[in-house]
Structure formats: structure tokens, C-alpha cells
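1. sequence first, predicted coordinates after that:
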Amino acid sequence: QLQLVESGGGLVQPGGSLRLSCAASGFSLDNYAIGWFRQAPGKEREGVSCISRSGRRTKDADSAKGRFTISRDNAKNTVFLQMNSLKPEDTAVYYCAADLNWTGSCTTDYHEYDYWGQGTQVTVSS
């Protein structure tokens, strides 16, 4: 059974940091580009960051640039999202997703993704 499981969410004060993890089971992430997405209540799901199969190419949404860093460890079948300088507007459920992408790049368009995790809540509040 193909499964993605996110972890690492929680409550953090503004300016704080969190590291999200996305672990795969039942399949190897080697063949997939991975994206992180988020959805706040009443808002559309938005792409945050993505990483290519090899890890050599990444793409960040404007809201994430300079604050979030995506990385992957294919040996551990896991992708990470390091989030620094968090703001209240970063509050959302964060999802990881896998895209069977053979182009060597990645996209933050959630329509392109094939498999999704259940999400982890991130709340930034004082």
C-alpha cells in the first residue's frame, strides 16, 4: 500500500522554526518529485516548495523563499521541509505529495501530484 506520512507539525511562536518530515512506505521516493503544500481554513490549497527526483532542483513559492528549505534523503525514503522565521500567516495544514515526474524538475501545481499524505497541522501563534 502506497502511503505518505507527514510529521513534525505543532504550535510555534512567530519567528520560530519547525522541521516537517514526509516518510514514504510501500514505494520508493526515488522515482518521484515531492512537493509540500498547505491549506488554511477557507483558502485554496497552495504549493509551498518542491524538489526533483534527484534533489538537484527545487522550487519555492514566493511566500517560502528565504525562509523554507526543502531537502530529501532517498536512502531514508524521506523528504524534509525546514521552516524558519515562521509567521502567523503560515498557519495551515501542510501536506506532502508525490509526482511521478521524469523531467528532472518539479512543480508546485498540486494538480500534477499523484499521491498525498494526510497532512500535519502547523500553527504559528503567540
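-> On my side now, so go ahead. Numbers count the residues shown, from 1 in each chain.
2. got a list of what the closest residue to Ser25 other than its chain neighbours touches?
-> Closest residue to Ser25 apart from its sequence neighbours, by C-beta to C-beta, 6 or more residues apart in numbering: Gln3 at 4.7 Å. Heads up, the C-betas are built off the backbone N, CA and C, glycines and all. Residues in contact with Gln3 (C-beta atoms under 8 Å, 6 or more residues apart in numbering) are Ala24, Ser25, Gly26, Gly117.
3. count the neighbours of the third one for me.
-> When neighbours are defined as other C-beta atoms under 10 Å, Gly26 has 10 of them.
4. ok so, going back, if you rank the contacts of Gln3 by neighbours, which is first?
-> Ala24 leads the contacts of Gln3 on contacts (other C-beta under 10 Å) with 23 neighbours.
5. contacting residues for it?
-> Leu2, Gln3, Leu4, Val5, Asn77, Thr78, Ala98.
6. and the gap between the residue nearest to Ser25 and Tyr94?
-> 17 Å (C-beta to C-beta, to the nearest Å).
7. just give the number of residues close to Lys76.
-> Neighbours of Lys76 (other C-beta under 10 Å): 12.
8. in what helix or strand does the closest residue to it other than its chain neighbours lie?
-> In space, and not counting its chain neighbours, Lys76 is closest to Ala23: 7.8 Å by C-beta to C-beta, 6+ apart. Element membership for Ala23 (DSSP states H and E) is strand 18-25.
9. list phi and psi for the residue nearest to Gln1 when sequence neighbours are not counted.
-> Of all residues not flanking Gln1 in the chain, Gly26 sits nearest, at 4.9 Å (C-beta to C-beta, 6+ apart). Dihedral angles of Gly26 (phi, psi; degrees, to the nearest 10) stand at phi 90, psi -10.
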